[in-house]
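below is the sequence, then the predicted model.
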Amino acid sequence: MDKHRCGWCIGDPLYEAYHDTEWGVPVRDDETLFEFLILETFQAGLSWITVLRKRENFRNAFDQFDYRKIADYDQIKIDELLQDPGIIRNKLKVKATVSNARAFMEIQKEFGSFSKYIWGFVNDEPIKNELKNYKNAPATTELSDAISKDLKKRGFKFVGSTVMYAHMQATGMVNDHEVNCFRYDEV
């Protein structure tokens, strides 16, 4: 018998695999948190499946999501990225990724890790919602508003409240699996 999944991922093997293994799993390492921050930044205004299909291209183009290397990108590297058909070639988002890498490292200096900083917003404990239907998940919350505002104050770009709520869902800060989804109690 098939396991029940959240409705948003059904019908696409890549989406289902992402849902089954990654989405909503608490992420506490800075490297993965940064990867999702990049991917969510590029997803702004687009569908997640679009970004997911290009994930490996992004990984290769952006030095395996190494924020230390990305923080040092110069205009030549930015221009090279803007010519890469394997990624989403949005000049503002590419530039934001570079400046966000720098701001990310500033947070690490201040808090010891980005993980300590971001998880501090939820007192280091995932929020467990009780959604019967994924369509009832909010696009933003007061908490995603607060995180977005704080990140922007620290120099981050493309981190609006909707982007940050999606980041919270992806990295397990909030569990928005449907209550009858097999992953709801697993994450």
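Yep, that arrived.

tell me, what residue is most central in the protein?
Phe36 (3.1 Å; CA atoms, centre = their mean).

just the mean pLDDT for the strand or helix carrying that one, thanks.
In this structure, Phe36 sits in helix 30-43 according to DSSP states H and E. On average, the pLDDT along helix 30-43 is 96.

dump that helix to PDB, restricted to CA.
The C-alpha trace of helix 30-43 is given here as PDB (Å, rounded to 0.1, in the frame of the first residue of the first chain):
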ATOM      1  CA  ASP A  30      25.400  25.900   8.400                       C
ATOM      2  CA  GLU A  31      26.300  24.500   5.000                       C
ATOM      3  CA  THR A  32      22.900  23.000   4.400                       C
ATOM      4  CA  LEU A  33      21.100  26.000   5.800                       C
ATOM      5  CA  PHE A  34      23.000  28.200   3.400                       C
ATOM      6  CA  GLU A  35      22.200  25.900   0.500                       C
ATOM      7  CA  PHE A  36      18.500  26.200   1.200                       C
ATOM      8  CA  LEU A  37      18.800  29.900   1.700                       C
ATOM      9  CA  ILE A  38      20.300  30.200  -1.900                       C
ATOM     10  CA  LEU A  39      17.700  27.900  -3.300                       C
ATOM     11  CA  GLU A  40      14.800  29.700  -1.600                       C
ATOM     12  CA  THR A  41      16.300  33.100  -2.800                       C
ATOM     13  CA  PHE A  42      16.200  31.900  -6.400                       C
ATOM     14  CA  GLN A  43      12.800  30.400  -6.000                       C
END
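
helices along this structure, start to end?
Counting by DSSP state H, the chain has helices at residues 13-21, 30-43, 48-53, 55-61, 67-70, 75-82, 91-111, 114-120, 142-153, 161-170.

not counting the third one itself, show me its contacts.
Counting contacts by CB atoms under 8 Å, 6 or more residues apart in numbering, the residues outside helix 48-53 that touch it are 12, 14-15, 18, 39, 42-43, 58, 88, 166. The way it works is simple: take the backbone N, C-alpha and C, and place the C-beta from them, glycine included.

one more time with 10 Å, if that's ok
The contact list for helix 48-53 (CB atoms under 10 Å, 6 or more residues apart in numbering) reads 8-9, 12, 14-15, 17-18, 22-23, 38-44, 47, 58, 87-88, 166, 169-170.

report the rounded mean pLDDT for that helix.
Here the average pLDDT along helix 48-53 is 94.
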